[in-house]
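> any chance you can model this:
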Amino acid sequence: MNFLNIAENRYTTKNYNATKTISETKIEDLKKILTLSPSSINSQPWKFSVISRGKLKDTLAEHSFFNETRIKDASHLVVFSAVNNISFFENQINANLPEGAVGYYNQFIKPQTDAQIKSWLAHQVYLSLGIFLSACASMELDSTPMEGIQSDAYSKILELDNHIPLFAVAIGYRDVNDNNQPSIKPKSRLKIDSVIQSI
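Numbers count the residues shown, from 1 in each chain. The predicted structure follows:
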């Protein structure tokens, strides 16, 4: 299947088959793919928490508004968190990035306000989401990206000190009767000419 077919068939899953579990081989591949995600200056200001079936996933589900059922039924939940401690981040890049990358940060990002820096850090985490959703679809796994989580509760449950949860993705296998799948509910998108400018 080529990538266009993957994009046409990928969708936000609303109902999961609670009896099917993703193999450990695929989960390990997804972990590796996440670490290969792109980020500005290779900053990697993130932490990915991969939670399998069990009490912890169910507890997080209870702090996920209307997403509770799909999280409980999904095979796994992946929580995407961004660094929210600027000193921690600066120590990380000083220890791991080349001089040019650190220089870019010091010249163009560091002079901004704390809020602007944290926004920049969060944007890098969103880049990894696109890679992750595409990877899941290429592996014939279903997914549900969701910002509808209680970030403070997630942070406390996952014991995150220097990161803040931004969003989560439930992954697994769709219920065969899920009404949101394209074969039942065709995708609705704006016309290509209204969103693509060819110059």
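> drop to CA atoms for contacts and neighbour counts, all remaining ones
Noted.
> am I right that L77 is in a helix?
No. Using DSSP: H, G, I helix; E, B strand; the rest coil, the assignment for L77 is strand, not a helix.
> which elements pack onto whatever helix or strand L129 lives in?
Applying DSSP states H and E as the criterion places L129 in helix 114-138. If contacts are counted by 3 or more Cα pairs under 8 Å, 6 or more residues apart in numbering; DSSP states H and E, helix 114-138 sits against helix 3-9, helix 24-35, strand 76-83, helix 86-96, strand 142-146.
> same thing but at 10 Å, please
On a contact count with 3 or more Cα pairs under 10 Å, 6 or more residues apart in numbering; DSSP states H and E, helix 114-138 meets helix 3-9, helix 24-35, strand 46-52, strand 76-83, helix 86-96, strand 142-146, strand 163-172.
> compute the first-to-last residue distance for stretch 109-116.
Stretch 109-116 has its terminal residues 8 Å apart, counting by Cα to Cα, to the nearest Å.
> stretch 180-195 now?
Taking Cα to Cα, stretch 180-195 runs 24 Å from one end to the other.
> nearest to I117, out of the helices and strands packed on helix 114-138?
Closest approach to I117 among the helices and strands packed on helix 114-138 (Cα to Cα): helix 86-96, 7.9 Å.
> show me what whichever helix or strand comes after that closest one is packed against.
Note on helix 86-96: by DSSP H and E, the next helix or strand toward the C-terminus is helix 99-104. Here helix 99-104 touches helix 86-96, going by 3+ Cα pairs under 10 Å, 6+ apart.
> got the contact list for stretch 114-125?
Residues from elsewhere that reach stretch 114-125 (Cα atoms under 10 Å, 6 or more residues apart in numbering): 37-48, 80-86, 89, 105, 109-113, 164-167.
> got the buried residues for it?
Using 16 or more other Cα atoms under 10 Å as the test for burial, stretch 114-125 gives 117-118, 121-122, 124-125.
> now do stretch 105-115
In stretch 105-115, counting by 16+ other Cα under 10 Å, buried: 105, 109.
> equivalent analysis for stretch 36-53, please.
Buried positions in stretch 36-53, judged by neighbour count with 16+ other Cα under 10 Å: 37-39, 41, 43-53.
> next, format the helices and strands packed on helix 114-138 as CSV and append mean pLDDT and distance to Y16.
Shown next, in CSV, are these (pLDDT from 0 to 100; distance: least, Cα to Cα, whole Å):
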stretch, mean pLDDT, distance to Y16
helix 3-9, 95, 16
helix 24-35, 98, 17
strand 46-52, 98, 14
strand 76-83, 98, 11
helix 86-96, 98, 37
strand 142-146, 98, 8
strand 163-172, 98, 7
